[in-house]
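>>> I would like to see how this sequence folds:
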Amino acid sequence: MSKGKRSGLPQNINLVTPVPKPDAQRITRLVKNSGRVEGYQLANGEILTKSQGVALAKAGGIRGVAVAVRNGSEYLRSLPDGSESDNLSNLPAIPRGSG
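Residues are numbered from 1 along each chain as shown. Purely as a prediction, here's the structure:
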């Protein structure tokens with residue numbers, strides 16, 4: 001593996017790794033439309049758009065995530081914790097726009 005990379009991704013892919021507040025929520029589901037993540041559902045049932053999730057995470061309101069940038073767009077990604085079961089990509093999805 002190349003120096004400065006982990007799993008083929010640069011180590012500095014994260015723009016911000018927020019410090020979660022004591023009452024920070026966890027993401028429990030993804031809101032998807034045609035396979036693309038459009039938002040997040042928190043453990044308390046609140047549903048956020050992608051941009052609301054990024055803003056809340058930056059403010060320390062979501063635990064277990066970092067803010068990264070791809071093609072100029074900010075998004076949330078899981079922080080490595082040794083468990084794949086809580087990775088965002090492994091969470092159940094809520095379909096959006098299917099009805």
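>>> Skip the chain neighbours and tell me the closest residue to Thr49.
Nearest residue to Thr49 in three dimensions, chain neighbours excluded: Gly39, at 4.8 Å (Cβ to Cβ, 6 or more residues apart in numbering). For every residue, glycine as well, the C-beta is placed using N, CA and C.
>>> Can you list the strands that the helix or strand harbouring Leu48 pairs with?
Applying DSSP states H and E as the criterion places Leu48 in strand 47-49. In the sheet containing strand 47-49, the strands it pairs with under DSSP bridges are strand 36-42 (antiparallel).
>>> Please identify the buried residues of the partner strand?
Val37, Glu38, Gly39, Tyr40, Gln41, Leu42 (16 or more other Cβ atoms under 10 Å).
>>> got the residue ranges for the helices in the chain?
Under the criterion DSSP state H, the chain contains helices at 50-58.
>>> Glu38 is in contact with Leu48, correct?
No. Under the criterion of Cβ atoms under 8 Å, Leu48 is not in contact with Glu38, lying 10.0 Å apart.
>>> re earlier: pick the one among the buried residues of strand 36-42 closest to Asn71.
Each of the buried residues of strand 36-42 was scored against Asn71 by Cβ to Cβ, and Val37 proved nearest at 14.0 Å.
>>> Give me the pLDDT value at the closest one.
In this prediction, Val37 carries a pLDDT score of 92.
>>> Is it bridged to anything, and to what?
Lys32.
>>> surely it meets Leu48?
No. The pair Val37 and Leu48 does not pass the contact test of Cβ under 8 Å, sitting 11.3 Å apart.
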